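**Q** following is a predicted model, sequence given first.
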Amino acid sequence: MPIDEALREQVRARLSEVDEIVEKPIVGGIGFTLRGNLLCGVMGEDLLVRVAKTEFGRYVAEPGARPMVMAGRSSRSWILVGKGVVSSRGELARWIDRAIQFVSTLPAK
């Protein structure tokens, strides 16, 4: 499935001032890593964000958010957020900031 290039550019722009970001292909889309840890990405028309398991239930209950499902298994750390929600610059930043907050706590790879 092709990725939404406009969303990809918006994510790039949001992360442009964050040190140690690397963009790379991931299964089903494009990912952005922070210090070697996958932070977020674009899968189809959705934003993929990594969050703390302790915050997952609260975040996945928000409008437009749903668990990422791969190989029939639902993740407790990865959330897909629909394009309609993250088309707002403020919402995109809010979701990416959540991912940065969590991934910044992980050791570099």
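**A** Cool, the structure landed.
**Q** for R73, give the beta-bridge partners.
**A** M70 (DSSP bridges).
**Q** neighbours around it, how many?
**A** Neighbour count of R73, defined by other Cβ atoms under 10 Å: 9. C-beta coordinates here come from the backbone N, C-alpha and C atoms, glycine included.
**Q** could you check how far it is from P67?
**A** Computed as Cβ to Cβ, to the nearest Å, the R73 to P67 distance reads 10 Å.
**Q** show the pLDDT at the residue nearest to the spatial centre of the chain.
**A** Central residue of the chain (Cα atoms, centre = their mean): V49, 2.3 Å from the mean position. At V49, the predicted lDDT confidence score is 98.
**Q** chain center to stretch 85-92, what's the gap?
**A** 12 Å (Cα atoms, centre = their mean, to the nearest Å).
**Q** contacts for the helix or strand hosting the residue nearest to the centre of the chain?
**A** Element membership for V49 (DSSP states H and E) is strand 46-50. Outside strand 46-50, the residues that touch it by Cβ atoms under 8 Å, 6 or more residues apart in numbering are 7, 11, 29, 31, 37-42, 68, 77-83, 86, 92, 95-96, 98-99, 102-103.
**Q** quick one: the helices in the chain, in order.
**A** Using DSSP state H, the helices of the chain run over 5-15, 53-60, 83-86, 89-103.
**Q** among the ones you listed, which is nearest K24?
**A** In terms of Cβ to Cβ, the element of the helices of the chain nearest to K24 is helix 5-15, at 12.3 Å.
**Q** got the contact list for the closest one?
**A** So helix 5-15 is contacted by 21, 23, 30, 32, 39-42, 45, 47, 83, 86, 89, 92-93, 96 (Cβ under 8 Å, 6+ apart).
**Q** show me what contacts the closest residue to F56 other than its chain neighbours?
**A** Closest residue to F56 apart from its sequence neighbours, by Cβ to Cβ, 6 or more residues apart in numbering: R76 at 5.2 Å. By Cβ under 8 Å, 6+ apart, the contact list for R76 reads 53, 56, 67.
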